[in-house]
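[1] the following block contains a protein sequence and its predicted model.
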Amino acid sequence: MNARWFQEVIVVETPGKGFTNITAQVAAVVARSKIEMGQCLVFVRHTSASLIIQENADAAVLRDLERWLGDLVPEARAWEHDDEGRDDMPAHARSAVTKTSETIPIVEGRLALGTWQAIYLWEHRHRAHERELIVQLSGASG
Amino acid sequence: MNARWFQEVIVVETPGKGFTNITAQVAAVVARSKIEMGQCLVFVRHTSASLIIQENADAAVLRDLERWLGDLVPEARAWEHDDEGRDDMPAHARSAVTKTSETIPIVEGRLALGTWQAIYLWEHRHRAHERELIVQLSGASG
Amino acid sequence: MNARWFQEVIVVETPGKGFTNITAQVAAVVARSKIEMGQCLVFVRHTSASLIIQENADAAVLRDLERWLGDLVPEARAWEHDDEGRDDMPAHARSAVTKTSETIPIVEGRLALGTWQAIYLWEHRHRAHERELIVQLSGASG
């Protein structure tokens, strides 16, 4: 058993507010790492986009999540920090209650997600953004 | 110092909505791993149950958390995704703002939880479920 | 490449409710670890204080987060658990939807935070507290 660390930066182009399924991109890094057993950290280098592991089957789940979180963090609130756009401070609050880092076990060389799980990058700003994530793996190979 | 990775699947039978203290089950995996210093990842392979590290002393804390989160994510809301039961979409939203993965340091061969901390699996569906978790350890032994 | 694990306890004196930027303290542990590539776990050993990675530039962001979360978890609610002070149960609920553990990749011997990111300890009790955190590193050195 050889100890191994491996990392790659991935860049995700978001279309603006909403979810981008990044599972295939993360899985590709896992495959390139040659790690058989260990863990995969995904880290977002931003404070107005975040991560979430959620249902991959019915797109209505994502639409409901978007609407519910939108109501929980209203743009219309009297935010003190408002010089970067009405959607900027809500984006920070939405990130605060979702995830900046998420870690998934690696079993037999693959992400050990459940049948219904996918990894999403959640863009919280209205306009499209280029987001940088680090995928950091550690584990045992061969 | 020997690098070591170790993993086990644990299955938790939940009694329906509420908390199951899984600290002892996770601690047993840590003991079997023989890792002295490192970290313990707990990962839930579901999107309608989640993890939380919370107070282990007064059960009223858990009842308050359940009621508060129930108000934050009302079943009575007009959810678009409603064909798997009134409690399914709220369960996804509740999972989104709690934890799918949680990582605890291992110090001197044990979970380094604070005095008042326990690890709970939080079931968000009304009926009982069998939930699968992966406990993934990495660290140095002997 | 040598596998390496390293851990230190850090104690943070909070001034009561609000944010303490702990990035420099965590970065100092990373430097002492001599790890070049890997990951840094930060873990709070309490259930009424938590972690958050957020914007480090405009202090108004932190004031807005504090006010927004204060409204989301009102002290005035009829909490069952109220014998440790009006702010204790809200502190547990605030911790539940923020982070007990956070993991940051290490790239070229440093925390790979984004330009605008800082790591904060978020105190949820009114009075000052001494909070214990564990910084746990793993990775490859020189």
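    Sure, I can see it.
[2] for chain A, which helix is longest?
    In chain A, taking DSSP state H as the definition, the longest helix is helix A:59-72.
[3] just checking, next helix/strand downstream of it?
    helix A:88-96 (DSSP states H and E).
[4] for whatever helix or strand comes next after that following helix, packing partners?
    On the C-terminal side of helix A:88-96, the nearest following helix or strand under DSSP H and E is strand A:101-107. Of the remaining helices and strands, those touching strand A:101-107 by 3 or more C-beta pairs under 8 Å, 6 or more residues apart in numbering or on different chains; DSSP states H and E are strand A:37-44, strand A:49-55, strand B:37-44, strand B:101-107, strand B:129-141, strand C:101-107. Bear in mind the C-beta positions are built from the backbone N, C-alpha and C, glycine included.
[5] any part of the longest helix of chain A near chain C?
    Yes. Counting by C-beta under 8 Å from any C-beta of the partner chain, chain C is contacted by helix A:59-72 at A:Leu72.
[6] give me the angle between that helix and strand A:49-55.
    Using axes from the mean of the first three to the mean of the last three C-alpha atoms, to 10 degrees, the direction of helix A:59-72 lies 140 degrees away from that of strand A:49-55.
[7] list the buried residues of helix A:59-72.
    A:Val61, A:Leu62, A:Asp64, A:Leu65, A:Glu66, A:Trp68, A:Leu69, A:Leu72 (16 or more other C-beta atoms under 10 Å in any protein chain shown).
[8] mind checking which helix or strand the closest residue to chain B within chain A is in?
    Closest contact between chain A and chain B, by C-beta to the nearest C-beta, is at A:Gly114 (3.2 Å). Assessed by DSSP H and E, A:Gly114 sits outside every helix and strand.
[9] any idea of the pLDDT on the residue positioned nearest the centre of chain A?
    With distances taken as C-alpha atoms, centre = their mean, the residue of chain A nearest its centroid is A:Leu51 (2.7 Å). pLDDT for A:Leu51: 98.
[10] surely it meets A:Ser95?
    No. Using C-beta atoms under 8 Å, A:Leu51 makes no contact with A:Ser95, being 9.4 Å away.
[11] now do the contacts for the single nearest residue of chain A relative to chain C.
    Going by C-beta to the nearest C-beta, chain C is nearest to A:Arg45 of chain A, at 3.2 Å. Contact analysis of A:Arg45 by C-beta atoms under 8 Å, 6 or more residues apart in numbering or on different chains lists A:Arg131, A:Glu132, A:Leu133, A:Ile134, C:Ala112, C:Leu113, C:Gly114, C:Thr115, C:Gln117.
[12] could you redo the last one with a cut-off of 10 Å?
    A:9, A:100, A:131-134, C:53, C:104-105, C:112-117 (C-beta atoms under 10 Å, 6 or more residues apart in numbering or on different chains).
[13] give the phi and psi angles for it, as a check.
    Main-chain torsions, A:Arg45, degrees, to the nearest 10: phi -90, psi 40.
[14] check A:Ala27 too.
    Torsion angles, degrees, to the nearest 10, at A:Ala27: phi -60, psi -30.
[15] tell me the pLDDT of it.
    A:Ala27 is given a pLDDT of 98.
[16] wait, it sits on A:Ala112?
    No. Look at A:Ala27 against A:Ala112 with C-beta atoms under 10 Å: they stay out of range, at 11.2 Å.
[17] between the two, what contacts are shared?
    Counting by C-beta under 10 Å, 6+ apart, the residues touching both A:Ala27 and A:Ala112 are A:Cys40, A:Ile104.
[18] looking at the two, which one has more neighbours?
    Per other C-beta atoms under 10 Å in any protein chain shown, whichever of A:Ala27 and A:Ala112 has more neighbours is A:Ala112, with 20 against 17.
[19] ok, the more buried one - contacts?
    Contacts of A:Ala112 by C-beta under 10 Å, 6+ apart are A:37, A:39-40, A:104-106, B:7, B:9, B:43, B:45, B:132, B:134, B:136.
[20] secondary structure element holding A:Val30?
    helix A:23-33.
[21] that helix and chain C in contact?
    No. Using C-beta under 10 Å from any C-beta of the partner chain, we find that helix A:23-33 stays clear of chain C, coming within 12.2 Å at best.
[22] return the angle between stretch directions for that helix and strand A:37-44.
    Using the same axes, to 10 degrees: helix A:23-33 against strand A:37-44 is 130 degrees.
[23] now helix A:23-33 against strand A:101-107, angle please.
    Using the same axes, to 10 degrees: helix A:23-33 against strand A:101-107 is 60 degrees.
[24] so A:Val9 touches A:Val42, yeah?
    No. Assessed by C-beta under 10 Å, A:Val9 is found out of contact with A:Val42, at 11.4 Å.
[25] these two: who's more crowded?
    A:Val42 (26 against 13).
[26] is A:Glu80 in contact with C:Ala60, as I believe?
    Yes. Contact criterion C-beta under 10 Å: A:Glu80 and C:Ala60 qualify, at 4.4 Å.
[27] now for the two: what residues contact both?
    By C-beta under 10 Å, 6+ apart, the residues touching both A:Glu80 and C:Ala60 are A:Met89.
[28] could you check the pLDDT of A:Met1?
    On the pLDDT scale, A:Met1 gets 70.
[29] could you measure from the nearest residue to it once chain neighbours are set aside over to A:Ile53?
    Excluding the flanking residues, the one nearest A:Met1 by C-beta to C-beta, 6 or more residues apart in numbering or on different chains is A:Ala140, at 4.4 Å. Using C-beta to C-beta, to the nearest Å, A:Ala140 is found at 24 Å from A:Ile53.
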